[in-house]
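> Structure for the following, please:
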Amino acid sequence: MSFNLRNAILANISGSNESDVEATITDAIQSGEEKMLPGLGVLFEVYWSNATQEQKNEMISQISNGLQ
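This next block holds a predicted model:
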């Protein structure tokens, strides 16, 4: 039996509006639970796949600055 976590997460959040997505991100970060990390990773992948190069560069810059 094969379980695709990415597809399960996408199915779970499919159809979410902006408020739902924000609540999901906020809840995942505030809870601090490691089990939420795959979901955040899938959301980041969705963002990255749909971002322009300019948006990607800005995200890279923000992440890099946040790590310093």
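> Report pLDDT for Ser2.
Confidence at Ser2, expressed as pLDDT, is 66.
> going forward, begin numbering at 667 instead of 1
I'll keep to 667 as the first residue from here, and by that count the last item is Ser668.
> For this protein, give me the ranges with low pLDDT.
Applying pLDDT under 70 to the chain flags residues 667-668.
> most centrally placed residue in it?
The C-alpha lying nearest the average C-alpha coordinate of the chain belongs to Leu709 (Cα atoms, centre = their mean; 2.4 Å).
> The helix or strand that contains that one: which residues count as buried?
Taking DSSP states H and E as the definition, Leu709 sits inside helix 703-716. By neighbour count with 16 or more other Cβ atoms under 10 Å, helix 703-716 contains the buried residues Gly705, Val708, Leu709. Where you see a C-beta, it was placed from the backbone N, CA and C, and this is true even at glycine.
> For this structure, just list every one of the helices.
In order along the chain, the chain carries the following helices (DSSP state H): 671-679, 684-697, 703-716, 719-732.
> Which strands and helices lie in contact with the second one?
Contact partners of helix 684-697 among helices and strands, from 3 or more Cβ pairs under 8 Å, 6 or more residues apart in numbering; DSSP states H and E: helix 671-679, helix 703-716.
> Adding distance to Ala694 as columns, could you present the ones you listed in a markdown table?
Output for those, formatted as a markdown table (distance: least, Cβ to Cβ, whole Å):
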| stretch | distance to Ala694 |
| --- | --- |
| helix 671-679 | 11 |
| helix 703-716 | 5 |
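> The helix holding Leu709 vs helix 671-679, what angle?
Here helix 703-716 points in a direction 80 degrees away from that of helix 671-679 (axes from the mean of the first three to the mean of the last three Cα atoms, to 10 degrees).
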